[in-house]
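Enquirer: Structure for the following, please:
(one chain, ligands or ions: 1)
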Amino acid sequence: MPDSPAAAPVLVGGAPGSFPHSVLAERHPAIIRQVQDAFPYGPDIRRALDALLDNCTGGTIEPLPGDAPDLAHWQAWGLAEHTGRTWFEVPWLFAESYFYRLLLEAVGWFTPGPWQGIDPFRPSKLAELHSAETDEELAALDALDDLPPDDRDRALLHGSLWGNRADLGFRLSAEGGADRHEETSAPPLLADDSDTLWALLPPGGGASLCLVADNAGRELVPDLLLIAHLLATGRVTRAVLHLKPHPYFVSDATTADLLDALRRLTDAPGEAARGHGRRLWEALDDDTLTVRAHPFSAGPLPYDAMPADLRAEFARHTLTVLKGDLNYRRLVGDRLWPPTTPFADVTAHFPGPVAALRTLKSDVITGLDARTEAGLTAAEGQRWRTSGTHAVIQVRGK
Ligand SMILES: O=P(O)(O)OC[C@H]1O[C@](O)(CO)[C@@H](O)[C@@H]1O
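Expert: Numbers count the residues shown, from 1 in each chain. Model (predicted):
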């Protein structure tokens, strides 16, 4: 990433009234309360969650326990440098990422004992996966088979894109309160490079795809359907799915969420959904589809700081698809670039062709034309950046 004076400022949560500040000061406490209500944790874990609530709103960054299994990672990710500073002074990406790490510490996720490996967000993820909306989306799959190939391609790509609204952390904030289509004069899709994406994955072309997932449930299911479709059409002969090594950002997908999503497909009433579920299950079995959960996926750094093994892996693929808002922020350095800054410039660091499928739920944006930005600001002020009602499909090819 160009570190010249021209580089845009990194987001920090300090400015009262800013979106990052609202996340740290309001959304994180709401998430702790949601977790406290979701489980009969007992006094020890309740005390730990209360302590985190006090610390994340009025305290400073504290170190991890000396025996933390991922201590070496966090030391490499700058924990020592930020220890002792307030949550509102450190990079926003670090503050958010470390908050979720400490939340897992408080509920005993890493600690040998009765609560080890118990996902504090599982109840809300399962409720969403088994919702009536998911039933409708799965039932709608049967009609897709009657569509012309280009329309089916587009329907599955957009299913994966708009699935990104299934962000349960976002639902806790004022913006994300309801899964609604807010009336706005501005187009929902602000940038659309899908032609470049399809050109990289021609039918029968046998490409290799890497999809870096975001949320579980109603986002992961359409992501899996997109992968199944690309494999079935021979656009892709090999796919790698990156998940999180542990619960993260409320609804980010782990391997346990993948298995829940697969069973949701294989047990679905409709033949199309069941068929996709079976093929995905077989693809995992015969390694046509591989699952990865790299520690860096749940780390606080932008992608230009990724480790060599991950860089080498992304470089091996015909295309890497990054899903969601957080991955987008990490791709462009979580910097407040002018919105017309070319996407290709700020993603030049990425090792290979990269596509971002994202709904806008934070201030960071690049690759817009000036007329689009002006129209959005005239219609919505700055709300278009964080409302989750607009999206981009941005691709940097070869
Ligand atoms: O699930 P996504 O699309 O990565 O969105 C994450 C959301 O959480 C945030 O980090 C705010 O907490 C923003 O990036 C976004 O609003």
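Enquirer: Give me the pLDDT value at whatever residue of the stretch 1-150 of the chain ends up closest to the ligand.
Expert: Closest contact between the stretch 1-150 of the chain and the ligand, by CB to the nearest ligand atom, is at Val23 (4.3 Å). From N, CA and C alone the C-beta is placed, and that goes for glycine too. The pLDDT attached to Val23 in the predicted structure is 97.
Enquirer: since we're on it, how many residues are nearby?
Expert: A total of 23 residues lie near Val23 under the criterion other CB atoms under 10 Å.
Enquirer: right, and it touches Glu96 too?
Expert: Yes. The pair formed by Val23 and Glu96 meets the contact definition of CB atoms under 8 Å, at 6.8 Å.
Enquirer: Now the common contact residues for those two.
Expert: Between them, Val23 and Glu96 have no joint contacts when contacts are counted by CB atoms under 8 Å, 6 or more residues apart in numbering.
Enquirer: Pull out the buried residues from stretch 381-396.
Expert: Along stretch 381-396, the positions that meet the burial threshold by neighbour count (16 or more other CB atoms under 10 Å) are 383-396.
Enquirer: For this protein, which residues are neighbours of the ligand?
Expert: Selection of the chain residues close to the ligand by CB under 6 Å from any ligand atom yields 23, 27, 96, 164, 167, 169-170, 214-215, 249, 324-326, 329, 361-362.
Enquirer: And the strands in the stretch 251-398 of the chain?
Expert: If you assign secondary structure with DSSP state E, counting those that start in this stretch, the strands in the stretch 251-398 of the chain sit at 289-292, 319-323, 354-359, 391-396.
Enquirer: Return the list of strands paired to the last one, each annotated with direction.
Expert: Spelled out, that is strand 391-396. With DSSP bridges as the criterion, the sheet partners recorded for strand 391-396 are strand 189-192 (parallel), strand 354-359 (antiparallel).
Enquirer: residue contacts, Ala348?
Expert: When contacts are counted by CB under 8 Å, 6+ apart, Ala348 touches Arg396.
Enquirer: How about Thr83?
Expert: Thr83 is in contact with Thr60, Ile61, Glu62, Pro63, counting by CB under 8 Å, 6+ apart.
Enquirer: do you know how far it is from Leu104?
Expert: Thr83 is 18 Å from Leu104, where distance means CB to CB, to the nearest Å.
Enquirer: so how far is stretch 193-200 from its chain's centroid?
Expert: In terms of CA atoms, centre = their mean, to the nearest Å, the centre of stretch 193-200 is found 21 Å from the chain centre.
Enquirer: can you pull the buried residues of that stretch?
Expert: Of all the residues in stretch 193-200, those buried under the rule 16+ other CB under 10 Å are Asp193, Ser194, Thr196, Leu197, Trp198, Leu200.
Enquirer: my read: the first one touches Leu357, true?
Expert: No. Proximity of Asp193 to Leu357 does not meet the contact threshold set by CB under 8 Å, at 10.3 Å.
Enquirer: and for these two, which residues touch both?
Expert: Common neighbours of Asp193 and Leu357 are listed as Ile393 (criterion: CB under 8 Å, 6+ apart).
Enquirer: who wins for neighbours among the residues of the chain next to the ligand?
Expert: Of all the residues of the chain next to the ligand, Asp214 has the most neighbours under the rule other CB under 10 Å, reaching 30 neighbours.
Enquirer: For that residue, give me its contacts.
Expert: Asp214 makes contacts with Asn164, Asp167, Asp252, Ala253, Lys323, Gly324, Asp325, Leu326, Asn327, as judged by CB under 8 Å, 6+ apart.
Enquirer: What values do phi and psi take at it?
Expert: phi -120, psi -100 (degrees, to the nearest 10).
Enquirer: per-residue confidence for it?
Expert: 97.
Enquirer: cool, and the one 10 residues further on?
Expert: According to the model's per-residue confidence, Leu224 sits at a pLDDT of 98.
Enquirer: Nothing else from me, thank you.
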